[in-house]
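# Sequence and predicted structure, then a few things I'm wondering about:
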Amino acid sequence: MRKEEKIPSVWDKNKCLGGFSQSFRLGGELNNPTTYNLQNLRNLRDTLKKQNPALVTEITVSFQTGSGPQTETYYGVPLWELINNPKAGGGLKPGNSGLNPKNSFLRQYVLVEATDCYGAVVAIGEIQPNFEGKTVLVAYAKKGSDGTVVPLRDEGFARLVVPGDKAGGRYVSNVRNILILSAPASPLKPKYF
């Protein structure tokens with residue numbers, strides 16, 4: 001009997017094995033792609049607070065999980081600031097505007113991926129201050145049961161926190177990538193009614 005030879009595939013090379021994240025990559029359609037670890041994220045939060053003491057970096061949220069309702073207080077960096085502040089992502093690059101370039105950033109979105117390949121999307125219009133202006137947080141700590149601020153444990157060093165979501169499905173733990181992308185142009189031909 002002949003033994004079959006296993007041919008490595010691109011999927012084997014890029015498996016998402018899960019586990020604790022120690023850093024994440026910020027990339028895609030922004031001016032300063034970079035990598036963040038816990039210390040970089042803390043330093044950025046401190047810098048942003050010095051620039052704007054009123055900046056929200058602490059959020060208490062309630063959401064539904066598979067185990068029931070959960071309420072937590074998280075600490076971190078607002079996703080909008082992570083993308084747009086000159087000390088961080090440096091701002092959005094123009095993406096795919098489709099046929100009409102007006103407000104082309106509204107076609108852009110943020111894909112947040114975990115070490116196990118779980119992912120969720122946040123539209124730029126949700127976090128852009130002149131539109132919904134929601135303070136989505138890239139959290140690195142939370143309030144412990146004794147009221148002290150403690151690092152995230154089971155969630156990796158960073159997790160996405162999306163206030164207002166009834167379920168915690170977009171609360172991505174063990175963040176490994178935060179990518180800014182654009183929706184493709186519509187494949188439909190314009191019709192006039």
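Perfect, thanks for sending it.

# which residues of this protein score low on pLDDT?
Within the chain, the segments meeting pLDDT under 70 span 1-14, 96-102, 189-190, 192-193.

# Determine the longest helix present in it.
Assignment by DSSP state H gives helix 38-51 as the longest helix of the chain.

# Show me what counts as buried in it.
Using 16 or more other C-beta atoms under 10 Å as the test for burial, helix 38-51 gives Leu38, Asn40, Leu41, Arg42, Leu44, Arg45, Leu48. Yep, even glycine has a C-beta here, placed from its N, CA and C like the rest.

# Nearest to Ala54, out of the residues you listed: which one, please.
Ranked by distance to Ala54 (C-beta to C-beta), those are led by Leu48 at 10.7 Å.

# How about the contacts made by the closest one?
Taking C-beta atoms under 8 Å, 6 or more residues apart in numbering as the criterion, Leu48 is in contact with Leu55, Thr57, Val77, Pro78, Glu81, Asn85, Lys87.

# Please tell me how far it sits from Val136.
15 Å (C-beta to C-beta, to the nearest Å).

# what's around Pro151, how many residues?
13 (other C-beta atoms under 10 Å).

# Does it touch Tyr140 like I think?
Yes: between Pro151 and Tyr140 there is a contact under C-beta atoms under 8 Å: 6.9 Å.

# which neighbours do these two share?
Taking C-beta under 8 Å, 6+ apart as the criterion, Pro151 and Tyr140 both touch Leu38, Phe157.

# Correct me if wrong, but Leu106 is in a helix.
Yes: checked against DSSP: H, G, I helix; E, B strand; the rest coil, Leu106 lies within a helix.

# tell me the secondary structure for the residue lying closest to it once chain neighbours are set aside?
Counting by C-beta to C-beta, 6 or more residues apart in numbering, the nearest residue to Leu106 once its immediate chain neighbours are dropped is Gly125, at 4.9 Å. When classified by three-state DSSP, Gly125 comes out as helix.

# Lys49 and Lys143, how far apart?
In terms of C-beta to C-beta, Lys49 sits 18 Å off from Lys143.

# so which of the contacts of Leu48 is the most crowded?
Val77 (26 neighbours).

# Pretty sure that one sits against Thr135.
No: using C-beta under 8 Å, Val77 makes no contact with Thr135, being 10.4 Å away.
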